[in-house]
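*Asks:* coords please:
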Amino acid sequence: MPLAAIPSPSQGVWHLGFIPIRAYALCFIAGIVVGAWISERRWRARGGRPDTITDIAVPAVVFGLIGARLYHVITDWQLYFGPRATKEPYQVLFIWEGGMSIWGAVALGGVGVWLACRRRGLSLGAVADTIAPGLAVGQAIARWGNWFNQELYGSPTTLPWGLEIDQAHGGEPGVLYHPTFLYESLWDLALGLALLWAGRRFELHHGRLFAVYVAGYTFGRFWIEGLRIDPVGGVDHAVTFLDLRINQWTSLVLFAGAIVYVWVTRRKDAPEVVVPAGKAPAPAE
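*Replies:* The predicted model follows:
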């Protein structure tokens, strides 16, 4: 075994008395906290009132968690239902076992953001552009939950940064795998930094910076997804069409949609509401 190989985690759950503390959940929470902190600072720098993003994050996270799980269950329903199911139907509620899709999280989480913006009288595009870098950085942190769960790994590799996977999670003794969770984490971190720079360098408003985030994320996710072979429940469950995973098709569609959106809105420059009517702007720091 190469000395530089990435080892499997010795454990992913610790117990505080009878309460299980799961690393998967901790990574997600850390990602949410860091993403919200970055977004809050960006919102205040734009003249928005303090704690606005933090308040919006509550419905966004609740809706996002539901959406993330729903997408997984819908696209991988055969894991829980039908004659070839490897899990019981009630296990669709076991989110700590993995199976949280970014597509569902962003889609339904976006509904939560839209509802919160509408209630507060804020421009959805302004909020979306504000949270885009923090969302990417938060994803970079949350992806480490996949390492603790030994999921989201790729095909066998002889590269020195290959990943060990236990047999219980589909690995074979002496075989190393592409750490696709790490590839995506690094891609997301680089994307977040690029969005911070682009937000300062270019006039990307009215949701255009968020569209760049979507295009950047899906571009990386397409090729990373193509490396994956990880099974769930002991079987290769991935839904494919024309030799591409469903997540790759989703990436292609969203990438094209994001590019079209940036082009269509390239001349849109109307003022955006970052302070509700009748409210004072945030004091200068």
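*Asks:* Go through stretch 33-40 and flag the buried ones.
*Replies:* Of the residues in stretch 33-40, those with enough neighbours to count as buried (16 or more other C-beta atoms under 10 Å) are V34, G35, A36, I38, S39, E40. All C-beta spots, glycine's among them, are computed from the backbone N, C-alpha and C.
*Asks:* Just checking the distance from that stretch to the centre of its chain.
*Replies:* Centroid separation for stretch 33-40 versus its chain: 14 Å, with C-alpha atoms, centre = their mean, to the nearest Å.
*Asks:* Stretch 47-67 now?
*Replies:* Stretch 47-67 has its C-alpha centroid displaced from the chain centroid by 15 Å (C-alpha atoms, centre = their mean).
*Asks:* one step back: tell me which of the buried residues of stretch 33-40 is nearest to E184?
*Replies:* The shortest gap between E184 and any of those belongs to G35, at 15.4 Å (C-beta to C-beta).
*Asks:* excluding its backbone neighbours, what's nearest that closest one?
*Replies:* Excluding the flanking residues, the one nearest G35 by C-beta to C-beta, 6 or more residues apart in numbering is G138, at 2.9 Å.
*Asks:* Now distance to T157 too, for the buried residues of stretch 33-40, in TSV please.
*Replies:* As requested, those are exported to TSV (distance: C-beta to C-beta, whole Å):
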residue	distance to T157
V34	30
G35	30
A36	35
I38	33
S39	36
E40	39
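*Asks:* Quickly find the element holding P160.
*Replies:* Taking DSSP states H and E as the criterion, P160 maps to no regular element, lying outside all helices and strands.
*Asks:* For the nearest residue to V137 once chain neighbours are set aside, grab the count of nearby residues.
*Replies:* Beyond its immediate neighbours in the sequence, the residue positioned closest to V137 (C-beta to C-beta, 6+ apart) is G192, lying 3.8 Å away. The burial metric for G192, expressed as a neighbour count using other C-beta atoms under 10 Å, is 25.
*Asks:* again with I29
*Replies:* Here the number of neighbours of I29 (other C-beta under 10 Å) works out to 14.
*Asks:* From F63, how far off is it?
*Replies:* Using C-beta to C-beta, to the nearest Å, one gets 17 Å for the distance from I29 to F63.
*Asks:* Quick check on the residue nearest to V137: phi, psi?
*Replies:* Main-chain dihedrals, G192, degrees, to the nearest 10: phi -60, psi -40.
*Asks:* who's in contact with it?
*Replies:* Going by C-beta atoms under 8 Å, 6 or more residues apart in numbering, G192 touches I38, P133, G134, L135, A136, V137, A140.
*Asks:* Against P20, how distant is it?
*Replies:* Counting by C-beta to C-beta - G192 and P20 are separated by 30 Å.
*Asks:* Repeat that for H206.
*Replies:* Counting by C-beta to C-beta, the gap from H206 to P20 is 44 Å.
*Asks:* go on, T218?
*Replies:* T218 sits 34 Å away from P20 when distances are taken as C-beta to C-beta.
*Asks:* Please say which of the two ends up with more neighbours.
*Replies:* Between T218 and P20, counting by other C-beta under 10 Å, T218 is the more crowded of the two (23 against 12).
*Asks:* doesn't Q248 make contact with that one?
*Replies:* No: the pair T218 and Q248 does not pass the contact test of C-beta atoms under 8 Å, sitting 9.4 Å apart.
*Asks:* contacts for stretch 19-35?
*Replies:* If you take C-beta under 8 Å, 6+ apart as the criterion, stretch 19-35 is touched by 9, 12-15, 57, 61, 96, 98, 100, 131, 134-135, 137-146, 148-149.
*Asks:* Using PDB, write down the CA coordinates of it.
*Replies:* Output in PDB follows, covering the C-alpha atoms of stretch 19-35 (Å, rounded to 0.1, in the frame of the first residue of the first chain):
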ATOM      1  CA  ILE A  19     -26.300  10.400  22.000                       C
ATOM      2  CA  PRO A  20     -24.500   9.600  18.700                       C
ATOM      3  CA  ILE A  21     -22.300  12.400  17.300                       C
ATOM      4  CA  ARG A  22     -21.900  11.700  13.600                       C
ATOM      5  CA  ALA A  23     -19.000  13.200  11.600                       C
ATOM      6  CA  TYR A  24     -21.200  13.400   8.500                       C
ATOM      7  CA  ALA A  25     -23.600  15.700  10.300                       C
ATOM      8  CA  LEU A  26     -20.800  17.800  11.800                       C
ATOM      9  CA  CYS A  27     -19.300  18.400   8.300                       C
ATOM     10  CA  PHE A  28     -22.600  19.600   7.000                       C
ATOM     11  CA  ILE A  29     -23.200  21.900  10.000                       C
ATOM     12  CA  ALA A  30     -19.700  23.300   9.600                       C
ATOM     13  CA  GLY A  31     -20.300  23.900   5.900                       C
ATOM     14  CA  ILE A  32     -23.600  25.700   6.700                       C
ATOM     15  CA  VAL A  33     -22.000  27.900   9.400                       C
ATOM     16  CA  VAL A  34     -19.000  28.900   7.300                       C
ATOM     17  CA  GLY A  35     -21.100  29.600   4.200                       C
END
